[in-house]
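Quick one, what's the 3D model for this:
(one chain, ligands or ions: 1)
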Amino acid sequence: MPKAYPYIRFSSDKQKDGLSIQRQTEAIEAYLAANPHLEVDKSLNLEDLGKSGYAGRHLQKGGALYLFLEKIKSGEIEKGSVLIIEHFNRLSRLKLHKAMDLFNEILRHGIDIAVLDEKQIFTAESISSIDYIKAVLKFDLAHEESKDKSKKGKDNWKFKKEALRNSQNPQIERLNFTKTLPLWLEKTDAEIVVNEQKAETIRLIFRLCIENNGYMRIATHLNQSKTPRLDASNGPWTLDIVKRLLHNRALLGEYQPRKTVEIEGRARPIYVPNEEDPIKGVYPAVIDEDTFNAAHNGLTSRKSTGGGRRADMPNLFVKLLKCDECGGSIKFQRHNNKYKDYYYLKCFNSLYGHCVSLGTRSWRYDHFEEMFFKFSGKLNLDEIFKKNEQSKIIQKEITALTAKHNKKKEKIAEVLEQIEAMEFSKSLYALISKLESETEELETKIKQKYQELSSVKQEELDRRINDFKDINSLLLQSTEVETREKINNHLRGLIENIALDFKSKTCTIRFKNGIERHIHTDGMFASIPPKAEGEQREKDLDAILSWHNKTEAERQSIYDDADFKINPLPVSAE
Ligand SMILES: [Zn+2]
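You can find the predicted model right below:
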């Protein structure tokens, strides 16, 4: 019994949706009732609702027709099955050659196409030249219809824009233009009105700007005073929001027309500078021209005098640091007094009051750098870097050899059992002496490997520590930008990120292999996080201290007992 696959599609032409889907469904049901020899398969749910056949969205991933094509290509849908459509234009409104490609592809895979409007089934076997001409004409028509509609939409938009530009009362004209208005405006039945509360916020922003505050300070002020955002979201004011608002000419009542560009068959508005003059008087103004210009003059003069100081010395930890509290990025900032420049690491979000709580998070850069290199050489690099290195390979070899060795031993025990049960046999004797000598050989090999392992481990450790020492000496030798960049590259090869806890002046170093280490400014480093407070913190410090006082053997037994490695390192300020 041949299978039938009904396919329904409509684009987002709103008034017709309900009717279109009903019409297609009814036609298909009637056809199926009249053709009881077909077995309907609706399991693929072949419906492209709201997908434009002009843009070809039904043929892109996620489209039902796309799915259908995949299934006929894979053979999952059998040859001889029938695709049922209401009209040629349900299949495609693409350009003619693309539509015909699609039509042919379906037929070529042995699938018949029933076009209900035509009261005809098209099959690869029996298709005639007249049938082809029919398909060509219908697909061409389908494409032209859509092209007209698309053009009409564009003309309509152009017409509306001209009407707006020439109108005696653009504000009224704007109402039948589009639905969306700037955030500080509201629509009543007959006019556009200003939301006074939001307008107050906007005027405050301009005032702050004219009083020589940059975006950063304005955002900080708004966040600290808990001023609601214009879009009523609970999110913080960001520099970007403030910046865009200060540049938005809609505040002066102007409307800047945007150009409509077709991208992937869809019309999208894009602002093209200088393409068209703004249309004045479209909105009620919230800011007057003088205020707007005064704010802008302030912004440009700040820019040239360097209102927000930018540090130009590249820090060694570029792209590695983040705020431990909010996860935000770290800003490298210069402060200067009469005598000296100081560099600071600061949580960028905290600069405008939106780290997890108010208050600036900062750490003097030279202090941080000194601490980092003082302790990083002692971060138990042996454990951190042994992964994927030669010692790891030798360790694997030892495991394999030990397994082999154990097997031989088992074999010997087996043979010995047999000897006990049986009479003495020469061949058994030969076998056992062979096994025994092999076992001895293996034992020697394992011993050698262990020796090799310990020397390799030591080498690896020395090398890593030297790498860090090299960094230290490089640092002492030179403060040249190039050297510091080299060091930064080196660190980024080893370290995933470094999270700064500004309050307790500790940092968490996450190495690329997943291991974490914690460094404290007061001269401690450990593999347990220094997060605890009060009594628990005292306990943690005690634990680290007591570890320091243990012998190697005692430490080893603790390792053995633990199913994971807790490895506090010595307390040290040196
Ligand atoms: Zn933060």
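
Which helix or strand in this protein has the lowest average pLDDT?
Lowest mean confidence among the helices and strands of the chain (mean pLDDT, DSSP states H and E): helix 381-385, at a mean of 48.

Determine the number of other residues adjacent to R244.
Residues lying near R244 (other C-beta atoms under 10 Å) number 11. Yep, even glycine has a C-beta here, placed from its N, CA and C like the rest.

Reduced to three states, what does it come out as?
Here R244 is helix, with the state taken from DSSP: H, G, I helix; E, B strand; the rest coil.

Distance of it relative to I205?
To I205, R244 is 11 Å away according to C-beta to C-beta, to the nearest Å.

follow-up on the earlier one: I'd like the next helix or strand past the least confident helix or strand of the chain.
Heading C-terminal from helix 381-385, the first helix or strand you meet, by DSSP states H and E, is helix 390-421.

Check the model's average confidence along that following helix for me.
Helix 390-421 shows a mean pLDDT of 81.

do you know how far C323 is from P170?
From C323 to P170 the distance is 48 Å (C-beta to C-beta).

Pull the number of nearby residues for the residue of the stretch 1-150 of the chain found nearest the ion.
Here the residue of the stretch 1-150 of the chain nearest the ion is G62; by C-beta to the ion that distance is 38.9 Å. When neighbours are counted by other C-beta under 10 Å, G62 registers 10.

Doesn't it belong to a helix?
No - counting by three-state DSSP, G62 falls outside a helix, being coil.

residues of stretch 165-183 that come out buried?
Residues of stretch 165-183 classed as buried: R165, P170, Q171, E173, R174, F177, P182, L183 (neighbour count, 16 or more other C-beta atoms under 10 Å).

what distance separates the start and the end of that stretch?
End-to-end distance of stretch 165-183 (C-alpha to C-alpha, to the nearest Å): 22 Å.

next one: stretch 343-358
With C-alpha to C-alpha as the measure, stretch 343-358 spans 22 Å from end to end.

tell me which residues of that stretch are tucked away?
Across stretch 343-358, burial judged by 16+ other C-beta under 10 Å covers 343-355.

How about residues contacting that stretch?
The contact list for stretch 343-358 (C-beta atoms under 8 Å, 6 or more residues apart in numbering) reads 216-217, 219-220, 223-224, 236-239, 311, 313, 315, 321, 323, 325-326, 328-335, 359-366, 368, 500, 502.

what's the answer for stretch 409-423, then?
Counting by C-beta under 8 Å, 6+ apart, S425, L428, L431, I432, L435, E436, T439 sit against stretch 409-423.

Poorly predicted segments of the stretch 51-200 of the chain, please.
Within the stretch 51-200 of the chain, the stretches with pLDDT under 70 are 175-179.

Can you name the residue of it nearest to the ion?
Relative to the ion, the nearest point of the stretch 51-200 of the chain is L183 (27.8 Å; C-beta to the ion).

ok, that residue touching D231?
Yes - here L183 reaches D231: they are 5.6 Å apart, a contact under C-beta atoms under 8 Å.

In the stretch 101-250 of the chain, which residue sits closest to the ion?
Closest point on the stretch 101-250 of the chain to the ion, by C-beta to the ion, is P236, at 12.1 Å.

From G327, how far out is that residue?
For P236, the distance to G327 (C-beta to C-beta) stands at 14 Å.

Could you tell me which residues of the stretch 201-350 of the chain lie near the ion?
Contact residues (C-beta under 5 Å from the ion) of the stretch 201-350 of the chain with the ion: C323, E325, C326, G328, C347, N349.

So what's the residue count around D189?
Quick note: D189 (other C-beta under 10 Å) scores 5 neighbours.

Mind checking what secondary structure it has?
D189 - assigned by three-state DSSP - is coil.

mind checking how far stretch 444-454 is from the chain centre?
Here the centre of stretch 444-454 is set off from its chain's centre by 47 Å, with C-alpha atoms, centre = their mean, to the nearest Å.

Which of the residues of the stretch 201-350 of the chain next to the ion sits closest to H490?
If you rank those by distance to H490 using C-beta to C-beta, C323 comes first, at 23.6 Å.

Regarding that closest one, what are the backbone dihedral angles?
C323 adopts backbone torsions of phi -80, psi 130, taken as degrees, to the nearest 10.

Kindly state the beta-bridge partners for it.
Assessed by DSSP bridges, C323 has beta-bridge partners L500.

For it, give its distance to V356.
C323 is 9 Å from V356, by C-beta to C-beta.

again with P284
Distance of P284 to V356, computed by C-beta to C-beta: 39 Å.

list the contacts for E443?
Listed by C-beta under 8 Å, 6+ apart, the contact set of E443 reads H405.

hang on, it in a helix?
Yes - checked against three-state DSSP, E443 lies within a helix.

And the pLDDT for it?
pLDDT recorded at E443 is 89.

Checking I84 next. Helix, strand or coil?
When classified by three-state DSSP, I84 comes out as strand.

does it really touch I8, like I thought?
No - with contact defined as C-beta under 8 Å, I84 and I8 do not form a contacting pair (9.4 Å).

where along the stretch 201-350 of the chain do the strands fall?
Per DSSP state E, counting those that start in this stretch, the stretch 201-350 of the chain carries strands over the ranges 259-263, 266-270, 321-323, 330-336, 341-347.

Just the buried positions in the fourth one, please.
It refers to strand 330-336. I330, K331, F332, Q333.

so which of the residues you listed comes closest to K449?
I330 (45.6 Å).

ok, the closest residue to the closest one other than its chain neighbours to the ion distance?
Nearest non-adjacent residue to I330, counting by C-beta to C-beta, 6 or more residues apart in numbering: L321, 4.1 Å away. Between L321 and the ion the computed distance is 11 Å (C-beta to the ion, to the nearest Å).

So which residues on the protein come close to the ion?
Residues of the chain lying near the ion (C-beta under 5 Å from the ion): C323, E325, C326, G328, C347, N349, C355.

JSON lines please, covering these and showing pLDDT.
What follows is the residues of the chain next to the ion, written out as JSON lines (pLDDT from 0 to 100):
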{"residue": "C323", "pLDDT": "94"}
{"residue": "E325", "pLDDT": "89"}
{"residue": "C326", "pLDDT": "88"}
{"residue": "G328", "pLDDT": "87"}
{"residue": "C347", "pLDDT": "92"}
{"residue": "N349", "pLDDT": "86"}
{"residue": "C355", "pLDDT": "84"}
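
With distance to F68 added, can I get those in TSV?
Listed next are the residues of the chain next to the ion as TSV, based on distance: C-beta to C-beta, whole Å:
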residue	distance to F68
C323	51
E325	52
C326	49
G328	48
C347	53
N349	49
C355	52
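
what are the ranges of the helices in the stretch 201-350 of the chain?
Remark: helices assigned in the stretch 201-350 of the chain by DSSP state H, counting those that start in this stretch are 215-224, 239-246, 289-305.

which one of those lies closest to H109?
Nearest of the helices of the stretch 201-350 of the chain to H109, taken as C-beta to C-beta: helix 239-246 at 51.5 Å.

rewinding a little: not counting its neighbours along the chain, what's nearest the residue of the stretch 101-250 of the chain closest to the ion?
Once flanking residues are discounted, P236 sits nearest to H354: 4.1 Å by C-beta to C-beta, 6+ apart.

Next: F10.
Using C-beta to C-beta, 6+ apart, the closest residue to F10 is S20 (4.3 Å).

which stretches of the stretch 401-550 of the chain form strands?
495-501, 506-511, 516-520, 524-526.

mind listing what's buried in the longest one?
Read that as strand 495-501. I495, N497, I498, A499, L500, D501.
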